[in-house]
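Visitor: coordinates only, sequence not included:
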């Protein structure tokens, strides 16, 4: 992999290896918290915090971790940062923490984070891992924002809480309920694949 | 009576997959064939029930009395990881056929967010010991139900003409959405 430049490590997370649309990782929080954009953004930022710091720690101590127990070590590192994020949200943003519910502690089992440690940070230098983690985080946040914008605009007619649809618009309540999450994500993944096919053919 | 209501609510109304979005990865990954979906469901139900017992004990006997509840996340994940390992060794010893049937699904359960979600939700809702066990078993049965229905639909879907970009994950998610709609009908059952 060292053939990629640092910039490319960053860019690949945005589209080519986007965690949600292309790798289909981290589906649980994606579906659960995207009923409003503010929740999606908070979730994205919390996950990015955990991902970036875990990558930093794992890539700096990778030589000290015995191979046999590496997964357990990664999990403890990730769990520590998740605890920090969870306590921070509960202390400074209580309403947000309440609406995200158990999904903040559940970042610990988000496959994106463990996946990046196992596939990337444990094999690469600190700088490279940081750029990789940044790219993945930005890709994750963008995907969460697209999904939550779709659901919020169609489901409540608002964008970040501001009314954007006219009075004629009757909100599709279903979009902010669980079934809407599945259906919206299904179509968005289909759309992402369609764009990918089209650009490939163009080349 | 309340326990029956809790059980039904965990299976049908607050279904782990379709209401809490927990355990989506195995739900999409292992639902291509009916029999492997059944094995996965059984394995999850089994581990969930044990997790409900163990996490309740840890939470109420160690973490809360010593006001260490900020350690919940770390301790739950470690307990679940070692529990899955233990269950795996145990089943291999006492019932090789069952071990064969569950196969690789057992270790995969460690990273299943449904298990962690169960421990956290039970702690969040302050369930009593009996309630936790019922909640754990019910959630497991609910997961099994959802994954079996999904596998049944996907086996039929192989014969259908699906638009190219929606093949695979896309159509599965849309099917799951329609299933969630159907399960939504149960929500009036318990007030």
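Guide: Here it is on my side, so go on. No experiment lies behind these values; they were computed from the predicted model shown.

Visitor: Now do the strands in chain A.
Guide: Listed in chain order, the strands of chain A (DSSP state E) span A:158-159, A:162-163.

Visitor: The last one - what's its average pLDDT?
Guide: Meaning strand A:162-163. Mean per-residue pLDDT for strand A:162-163: 80.

Visitor: cool, the first one as well?
Guide: Per-residue pLDDT values over strand A:158-159 give a mean of 83.

Visitor: Equivalent analysis for stretch A:29-48, please.
Guide: On average, stretch A:29-48 scores 88.

Visitor: hmm, back to that, dump the strands of chain A to a markdown table, plus distance to chain B.
Guide: Where you see a C-beta, it was placed from the backbone N, CA and C, and this is true even at glycine. As requested, those are exported to a markdown table (distance: least, C-beta to the nearest C-beta, whole Å):
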| stretch | distance to chain B |
| --- | --- |
| strand A:158-159 | 22 |
| strand A:162-163 | 26 |
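
Visitor: and those, which is most packed in?
Guide: Ranked by mean neighbour count, the strands of chain A are led by strand A:158-159 with a mean of 14 (mean count of other C-beta atoms under 10 Å in any protein chain shown).

Visitor: What strands line up against it, and which way round?
Guide: Partner strands and pairing direction for strand A:158-159 (DSSP bridges) are strand A:162-163 (antiparallel).

Visitor: any idea where the helices of the chain begin and end?
Guide: Using chain A here. For chain A, the helices defined by DSSP state H cover A:6-12, A:27-32, A:37-60, A:70-92, A:94-100, A:111-116, A:126-156, A:178-202.

Visitor: meant chain B, my bad for not saying
Guide: Ranges of helices in chain B, per DSSP H, are B:2-8, B:24-29, B:34-57, B:72-94, B:96-102, B:105-108, B:113-124, B:129-157, B:169-184.

Visitor: Phi first, then psi, for the residue in chain A sticking out farthest from the centre.
Guide: Here chain A reaches farthest from its C-alpha mean at residue A:168, the gap being 34.0 Å by C-alpha atoms, centre = their mean. Taking degrees, to the nearest 10, you get phi -70, psi -20 for the backbone angles of residue A:168.

Visitor: Residue A:73 contacts residue A:65, correct?
Guide: Yes - taking C-beta atoms under 8 Å as the definition, residue A:73 is a contact partner of residue A:65 at 4.9 Å.

Visitor: which stretches of chain B have low pLDDT?
Guide: Within chain B, the segments meeting pLDDT under 70 span B:103-104, B:110-111, B:190-191.

Visitor: cool, chain A as well?
Guide: Residue ranges of chain A with pLDDT under 70: A:1-3, A:202-203.

Visitor: Now for the residue most central in space within it: which residues touch it?
Guide: Geometric centre of chain A, nearest residue: residue A:140, 3.4 Å, by C-alpha atoms, centre = their mean. Counting by C-beta atoms under 8 Å, 6 or more residues apart in numbering or on different chains, residue A:140 makes contact with A:13, A:18-20, A:26, A:44, A:47-48, A:51, A:112.

Visitor: again with residue B:59
Guide: Residue B:59 neighbours (C-beta under 8 Å, 6+ apart): B:69, B:72, B:123.

Visitor: For the nearest residue to the first one once chain neighbours are set aside, grab the count of nearby residues.
Guide: Closest residue in space to residue B:69, ignoring its immediate chain neighbours: residue B:63 at 5.1 Å, by C-beta to C-beta, 6 or more residues apart in numbering or on different chains. For residue B:63, the tally of surrounding residues (other C-beta atoms under 10 Å in any protein chain shown) stands at 18.

Visitor: so how far is residue B:71 from residue B:63?
Guide: Distance of residue B:63 to residue B:71, given as C-beta to C-beta, to the nearest Å: 6 Å.

Visitor: likewise residue A:25?
Guide: As judged by C-beta to C-beta, residue A:25 and residue B:71 stand 27 Å apart.

Visitor: try residue B:162
Guide: From residue B:162 to residue B:71 the distance is 47 Å (C-beta to C-beta).

Visitor: One more: residue B:48?
Guide: Residue B:48 sits 22 Å away from residue B:71, going by C-beta to C-beta.

Visitor: One more: residue B:17?
Guide: Distance, residue B:17 to residue B:71, by C-beta to C-beta: 28 Å.
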